[in-house]
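have a look at this fold, sequence not included:
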């Protein structure tokens, strides 16, 4: 009997671990959080609106909120070492900016730069302890630079760039920046001499904005943002930015994407509008949705930061802070049976009507390329739930309609030689 109880307890513990996914943490403020940075497994910082910088020393269990350092929004934060950090702040309406520095782990912050005609945003990085860059949006000069560890900052003119949303240096010489160009197109610029000169290497003709960028080495990187039709944008390069491959059809939603974090060439996460959390484990060939733990309404998620493949954090609107210790747990499409069905089939969603989530299941008698999409009554696509090659079996996925209106929607399963559409209703 004791052995049985022990086994049942073990099963329950394993099940809880498998499905723990993203757990919401307690924020001392409902203010929106723009960025998060963990220096190690215990010490982390969050930059927020109205000059707020939160700090934790216990892995996010508790967050301290000192007196705000400025009236401006803190868009980005970067630590050179455990004590020395820099925060960039701005008002994107008035184009006023400031940069603060701490040398005691955030206990005190000292103003080091104040300027007009520039709105510094989420583009802050140091090449070494002395040299760093901060970018943003500007009427004339969108980049500032320090060569003395953040004590002083000088404006740097970058030809062809009026907006810089992300800077990513691979080494002391090679770096990339993503933003908005003089030609009114999202662009990627590159330097090979430590930022002395920047050259535009790529410009997207059908996009609205590049919001974030991540390079895992000198050759492989991603940019994410918003397409011209206000839908998700993901692009990847494997040859140092010479060519970019569109991955925007390889993920399960169509909303703005704000931030990407990759821990290696295969595994990474992207967060975005309406509580989007998507993950890849194969370099972006497939992006799968993870579960937003909030009960709704779903807030934008602005930043994600991982220490390793298991432990990570996400921050966003309305004071949202999430943590995972299992890489975010399961994804939206799950194989619930490996028994081979006799035929293709698409099941009726349940519950139906629903608010705001419903489960859709389908069966595959053979290995197939699978596409499962949701449409509104006008035929407009509102979500891609599955877009990948799957083995034979029975699968289920969850559709989240929290940001959609009540009404009738249709979901269509398309595989190799099979297609079926069913109707569902959301009532709020």
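Nice, thanks for sending it over. For clarity, every value in this text was computed on a predicted model and none was experimentally measured.

all contacts plus neighbour counts: C-alpha atoms, from now on.
OK.

can you get me a residue count around residue 334?
The local packing of residue 334 (other Cα atoms under 10 Å) involves 13 other residues.

now the one 5 residues further on
Burial measure for residue 339: 12 neighbouring residues, criterion other Cα under 10 Å.

who's in contact with it?
Contact analysis of residue 339 by Cα atoms under 8 Å, 6 or more residues apart in numbering lists 392-394.

okay, now the unreliable bits of the stretch 151-300 of the chain?
182, 248-254, 291-298 (pLDDT under 70).

before we move on, the earlier item: closest one of the contacts of residue 339 to residue 236?
Nearest to residue 236 among the contacts of residue 339, counting by Cα to Cα, is residue 392 at 29.6 Å.

what's that closest one in contact with, if anything?
338-341, 363-368.

residue 196: which of these is nearest?
residue 368 (50.3 Å).

partners of the closest one in the sheet?
Following DSSP bridges, residue 368 is listed with bridge partners residue 390.

so it touches residue 389, yeah?
Yes: shown here, residue 368 and residue 389 form a contact pair, counting by Cα atoms under 8 Å, at 5.5 Å.

the more surrounded of the two?
Applying other Cα under 10 Å to residue 368 and residue 389 shows that residue 368 carries more neighbours, namely 17 against 14.

dump the residue contacts of that one.
389-392, 415-416.

again, but for residue 173
191-195.

ok, now residue 113?
97-100, 152-153.

if you set the cut-off to 6 Å instead, what comes out?
Taking Cα atoms under 6 Å, 6 or more residues apart in numbering, we find residue 113 in contact with 98-99.

tell me which element it falls in.
strand 110-116 (DSSP states H and E).

before we move on, the earlier item: which one of the contacts of residue 173 is nearest residue 268?
Comparing the contacts of residue 173 against residue 268 with Cα to Cα places residue 191 closest, at 24.7 Å.

for burial, what's the neighbour tally of the closest residue to residue 52 other than its chain neighbours?
Nearest non-adjacent residue to residue 52, counting by Cα to Cα, 6 or more residues apart in numbering: residue 68, 4.6 Å away. If you count neighbours by other Cα under 10 Å, residue 68 ends up with 17.

doesn't residue 68 belong to a strand?
No: if the criterion is DSSP: H, G, I helix; E, B strand; the rest coil, then residue 68 is coil and not within a strand.

wait, isn't it in contact with residue 51?
Yes: counting by Cα atoms under 6 Å, residue 51 is a contact partner of residue 68 at 4.6 Å.

how near is residue 95 to residue 133?
Plainly put, residue 95 is 18 Å away from residue 133 if you go by Cα to Cα, to the nearest Å.

which stretches of the stretch 101-250 of the chain form strands?
110-116, 118-126, 132-138, 143-146, 154-156, 161-169, 175-181, 186-191, 199-203, 207-215, 221-227, 232-237, 245-246 (DSSP state E, counting those that start in this stretch).

in CSV: the ones you listed, plus distance to residue 303.
Converted to CSV, the strands of the stretch 101-250 of the chain look like this (distance: least, Cα to Cα, whole Å):
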stretch, distance to residue 303
strand 110-116, 25
strand 118-126, 10
strand 132-138, 17
strand 143-146, 21
strand 154-156, 26
strand 161-169, 12
strand 175-181, 16
strand 186-191, 20
strand 199-203, 24
strand 207-215, 10
strand 221-227, 12
strand 232-237, 16
strand 245-246, 22
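
the ones you listed: which one's closest to residue 357?
For those, the distance to residue 357 is smallest for strand 232-237, at 21.0 Å, taking Cα to Cα.

can you check what angle separates the closest one from strand 207-215?
With axes from the mean of the first three to the mean of the last three Cα atoms, to 10 degrees defining the directions, strand 232-237 sits at 50 degrees from strand 207-215.

counting by contacts, list what strand 232-237 packs against.
strand 221-227, strand 245-246 (3 or more Cα pairs under 6 Å, 6 or more residues apart in numbering; DSSP states H and E).

what would those look like in a markdown table with mean neighbour count?
Listed next are the helices and strands packed on strand 232-237 as a markdown table, based on neighbours: other Cα atoms under 10 Å:
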| stretch | mean neighbour count |
| --- | --- |
| strand 221-227 | 25 |
| strand 245-246 | 12 |
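
Throw the ones you listed into CSV and include distance to residue 399, thanks.
Output for these, formatted as CSV (distance: least, Cα to Cα, whole Å):
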stretch, distance to residue 399
strand 221-227, 22
strand 245-246, 24
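
residue 405: which of the ones you listed is closest?
Of all the helices and strands packed on strand 232-237, strand 221-227 comes closest under Cα to Cα, at 21.9 Å.

what packs against the closest one?
Checking 3+ Cα pairs under 6 Å, 6+ apart, strand 221-227 ends up next to strand 207-215, strand 232-237.

strands paired with that strand, and their directions?
Checking strand 221-227 against DSSP bridges gives partners strand 207-215 (antiparallel), strand 232-237 (antiparallel).

ranking these by burial, who's on top?
strand 207-215 (a mean of 25; mean count of other Cα atoms under 10 Å).

what comes up buried for stretch 57-72?
Using 16 or more other Cα atoms under 10 Å as the test for burial, stretch 57-72 gives 57, 59-60, 63, 68-70, 72.

how about a markdown table for these, with distance to residue 180 and pLDDT added?
A markdown table is the format used below for those (distance: Cα to Cα, whole Å; pLDDT from 0 to 100):
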| residue | distance to residue 180 | pLDDT |
| --- | --- | --- |
| 57 | 37 | 97 |
| 59 | 35 | 95 |
| 60 | 34 | 95 |
| 63 | 35 | 97 |
| 68 | 30 | 97 |
| 69 | 29 | 97 |
| 70 | 27 | 96 |
| 72 | 23 | 96 |
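
those residues: which two are farthest apart?
Among the buried residues of stretch 57-72, the pair separated by the greatest distance (Cα to Cα) is 59 and 72, at 26.8 Å.

for residue 398, which of the strands of the stretch 101-250 of the chain is the nearest?
Ranking the strands of the stretch 101-250 of the chain by proximity to residue 398 (Cα to Cα) places strand 232-237 first, at 19.2 Å.
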